[in-house]
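# could you look at this predicted model? Sequence included:
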Amino acid sequence: MRHLTLALPPEHAARLIDAREQGATDRELQQATADALGDVYFRDSGRRAHDLLVELTDIEWIEFEL
């Protein structure tokens, strides 16, 4: 289990907001979140782990703030 606190760059935050406003399913929102976290946290915006795929499973709690 990981506990993360990080700021998403505006482009990732905008994608999540747009997806939610366009009626994305929970699974689609989960994948968009995994993509954003993968890019920012694990791949460090392209500086490492280039081919790493991130999947969110068994989410216990998630919170977003603007």
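Great, that's in hand. Numbering: from 1, shown residues only.
# which helix or strand contains the residue nearest the centre of the chain?
When the chain is reduced to its mean C-alpha position, the nearest residue by C-alpha atoms, centre = their mean turns out to be residue 33, at 2.3 Å. Following DSSP states H and E, one finds residue 33 within helix 26-37.
# helices or strands next to that helix in the packing?
helix 10-21 (3 or more C-beta pairs under 8 Å, 6 or more residues apart in numbering; DSSP states H and E). The C-beta positions use only the backbone N, C-alpha and C, and glycine is treated the same way.
# give me the distance from the helix it packs on to the chain's centre.
Offset of helix 10-21 from its chain centre (C-alpha atoms, centre = their mean, to the nearest Å): 10 Å.
# thinking again about what came up before, wouldn't the residue nearest to the centre of the chain be in contact with residue 17 here?
No. In this structure residue 33 lies outside contact range of residue 17 using C-beta atoms under 8 Å: 11.7 Å.
# residues touching the helix holding residue 33, excluding its own?
Residues from elsewhere that reach helix 26-37 (C-beta atoms under 8 Å, 6 or more residues apart in numbering): 4, 6, 8, 12-13, 15-16, 19-20, 24, 54-56, 59, 62.
# find out how far that helix is from the centre of the chain, if you would.
That offset, for helix 26-37, works out to 5 Å (C-alpha atoms, centre = their mean).
# what does stretch 39-50 give?
Worked out by C-alpha atoms, centre = their mean, stretch 39-50 lies 12 Å from the chain centre.
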